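Colleague: here is my input, please return the structure:
(one chain, ligands or ions: 1)
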Amino acid sequence: MSKNAVENGLVVSMEYTLTVDGEVLDSSTDAGPLQFLVGFDNIVPGLEREMVGMEIGESKDVLVLPEDGYGEFDADAFMEVPRSEFPADMELEVGLELNVSDEDGQRQLAFVESFNDESVRLDFNHPLAGAELQFSVKVVALREPTPEELDHGHVHDDDHHH
Ligand code: ZN
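Modeller: All right, here's what the predicted structure looks like:
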């Protein structure tokens, strides 16, 4: 039996627009509908929660506050790292996204906030930390995941093999 409402364990195809402070930051207009597996932290929790139960063809506007989105901005989430810890030939630029390991070997996303010859200041806040996210979404299709997708907890498509 085919499902016609969003629930955990299904793959949703959705059209979406993300607006922050009146500016459209992201949308499916160019790339086409986004697919995601529900219930595996693939999208921000505040949006996923509101989408559960939506039917195919249904549209919704959802305002996601920071605590249900990319978190509150943390003024302490910065770190100075000696420039010498980066490869000498590495082209640094403000806003550059880096995958860094902490003392415990945990991989973390960081962004270059500023740098000079001696040191690099990293920002561990998500670029949208503290932002209120205004989503407009429309459910365009639903399907069962493949066993492999369910096992991995995310959607596979032609462009992404993990
Ligand atoms: Zn995978």
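Colleague: leaving out sequence neighbours, find the closest residue to Val137.
Modeller: Take Val137 and drop its neighbours on the chain: the residue closest to it by CB to CB, 6 or more residues apart in numbering is Tyr16, 4.7 Å away. (Each C-beta comes from the backbone N, C-alpha and C, glycine too.)
Colleague: strands paired with whatever helix or strand the one you found lives in, and their directions?
Modeller: Assigned by DSSP states H and E, Tyr16 belongs to strand 11-20. In the sheet, strand 11-20 lines up against strand 23-27 (antiparallel), strand 34-37 (antiparallel), strand 133-143 (antiparallel) (DSSP bridges).
Colleague: one step back: right, and the residue nearest to Val137 touches Lys138 too?
Modeller: Yes. Using CB atoms under 8 Å, Tyr16 is in contact with Lys138, at 7.5 Å.
Colleague: is the closest residue to Gly57 other than its chain neighbours in a bridge, and if so with what?
Modeller: For Gly57, ignoring the flanking residues on the chain, the nearest one in space by CB to CB, 6+ apart is Val139 at 6.8 Å. Under DSSP bridges, the beta-bridge partners of Val139 are Met14.
Colleague: distance of Val139 relative to Leu47?
Modeller: In this view, Val139 and Leu47 are 12 Å apart by CB to CB, to the nearest Å.
Colleague: what are the phi and psi angles of the spatially closest residue to Pro82 that is not a sequence neighbour?
Modeller: Using CB to CB, 6+ apart and skipping residues adjacent in sequence, the residue nearest Pro82 is Ser119, 5.7 Å away. Dihedral pair for Ser119: phi -150, psi 160, per degrees, to the nearest 10.
Colleague: who touches Ser119 in this structure?
Modeller: Residues near Ser119 by CB atoms under 8 Å, 6 or more residues apart in numbering: 80-83.
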